[in-house]
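K.L.:
Mind looking at a prediction? Sequence and model below.
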Amino acid sequence: MATPDNDSSVSERVRSYRQRMRAQGMRPIQLWVADVHALGFADEAHRQAAAVAASDHAADDQAFIDALSLDE
């Protein structure tokens, strides 16, 4: 279990880190992403990929992705 001294030390490091990042013009955000370990994730990902592949716009969509993926 964390001790009060340890908690304040961690809090101070986090505060210091955030101050440094803000001084560099950064700001914190919270980002939620799909849990790839969740039940049903693979099935849903497959369903969505199949829907995109079957779209009337599949070729245009792939061309767009390919254009973004080119190494220069």
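P.N.:
In hand now; what should we look at? Residues are numbered from 1 along each chain as shown.
K.L.:
and the longest helix anywhere in the chain, average pLDDT?
P.N.:
In the chain, assigned by DSSP state H, the helix with the most residues is helix 4-23. The pLDDT scores in helix 4-23 average 90.
K.L.:
Counting by contacts, list what that helix packs against.
P.N.:
Counting contacts by 3 or more Cβ pairs under 8 Å, 6 or more residues apart in numbering; DSSP states H and E, there are no secondary-structure elements packed against helix 4-23. C-beta here means a position set from N, CA and C on the backbone, and glycine is covered the same way.
K.L.:
how far does that helix sit from the chain's center?
P.N.:
23 Å (Cα atoms, centre = their mean, to the nearest Å).
K.L.:
Then stretch 28-40?
P.N.:
With Cα atoms, centre = their mean, you get 8 Å for stretch 28-40.
K.L.:
which residues are contacting that stretch?
P.N.:
Here stretch 28-40 makes contact (Cβ atoms under 8 Å, 6 or more residues apart in numbering) with 18, 21, 41.
K.L.:
What of stretch 55-66?
P.N.:
Stretch 55-66 is contacted from outside by Val52, using Cβ under 8 Å, 6+ apart.
K.L.:
roughly how far is that stretch from the heart of the chain?
P.N.:
That offset, for stretch 55-66, works out to 23 Å (Cα atoms, centre = their mean).
K.L.:
ok, Pro28 to Met21 distance?
P.N.:
7 Å (Cβ to Cβ, to the nearest Å).
K.L.:
The two: which is more packed in?
P.N.:
Neighbour comparison, Pro28 and Met21: the larger count goes to Met21, with 12 against 7 (by other Cβ atoms under 10 Å).
K.L.:
and the more buried one, what does it touch?
P.N.:
Met21 is in contact with 27-28, counting by Cβ under 8 Å, 6+ apart.
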